[in-house]
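Enquirer: Could you look at this predicted model? Sequence included:
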Amino acid sequence: MFLVTIVFVTTAQILSNAYKVIRQQRYKVAAQQGAQLGLSRMSGELREATNIVQTGNSLLEFEKVDASLDRYGNPADFGVRLTVRYELQNNVLTRLVSPGGVVQSVAEGVYGFTTSQLPSGNVAITLAFQDQRQVKAYDMQVA
């Protein structure tokens with residue numbers, strides 16, 4: 001009976017530790033995926049930009065053509081531009097499209113967001129997020 005108790009206690013401890021590890025890995029992966037999703041969305045839209053309005057700490061603003069308009073129906077629609085603004089507020093990366101847009105949350109748990117326009121015309125983006133006890137950063141250049 002004593003050996004059975006030892007086996008059950010050992011098995012319970014192994015399962016408990018495995019659950020803790022899996023839970024920590026889930027949080028780690030979620031933070032990384034959120035940051036990668038934010039970078040992917042920004043870089044995709046930035047490639048469509050016709051004008052970089054503003055870069056800096058916690059801010060990226062640019063203009064792009066409104067792809068939702070029917071270009072064949074009205075030639076005047078070629079001049080319609082949208083202003084897209086990515087901004088970091090309270091560790092949440094947000095996106096605002098104007099005119100007529102609403103604020104959308106792109107990524108949560110973001111601890112740093114900087115952008116700069118390089119002499120080559122590329123835009124450098126750095127996005128920092130917290131991965132358990134460490135702060136990690138992704139760097140990217142968009143042409």
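Expert: Great, that's in hand.

Enquirer: going forward, measure contacts and count neighbours with C-alpha atoms only.
Expert: Noted.

Enquirer: quick one: low-confidence parts of this structure?
Expert: Residue ranges of the chain with pLDDT under 70: 27-28, 69-79.

Enquirer: What residues does residue 97 make contact with?
Expert: 82, 83, 84, 85, 103 (Cα atoms under 8 Å, 6 or more residues apart in numbering).

Enquirer: What of residue 117?
Expert: 55, 123, 124.

Enquirer: Ok, residue 143 next?
Expert: With Cα under 8 Å, 6+ apart, residue 143 has these contacts: 47, 121, 122, 123.

Enquirer: JSON lines for the residues you listed, including neighbour count, secondary structure and distance to residue 19?
Expert: Output for the contacts of residue 143, formatted as JSON lines (neighbours: other Cα atoms under 10 Å; DSSP: H, G, I helix; E, B strand; the rest coil; distance: Cα to Cα, whole Å):
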{"residue": "47", "neighbour count": "13", "secondary structure": "coil", "distance to residue 19": "42"}
{"residue": "121", "neighbour count": "11", "secondary structure": "coil", "distance to residue 19": "48"}
{"residue": "122", "neighbour count": "15", "secondary structure": "coil", "distance to residue 19": "44"}
{"residue": "123", "neighbour count": "20", "secondary structure": "strand", "distance to residue 19": "42"}
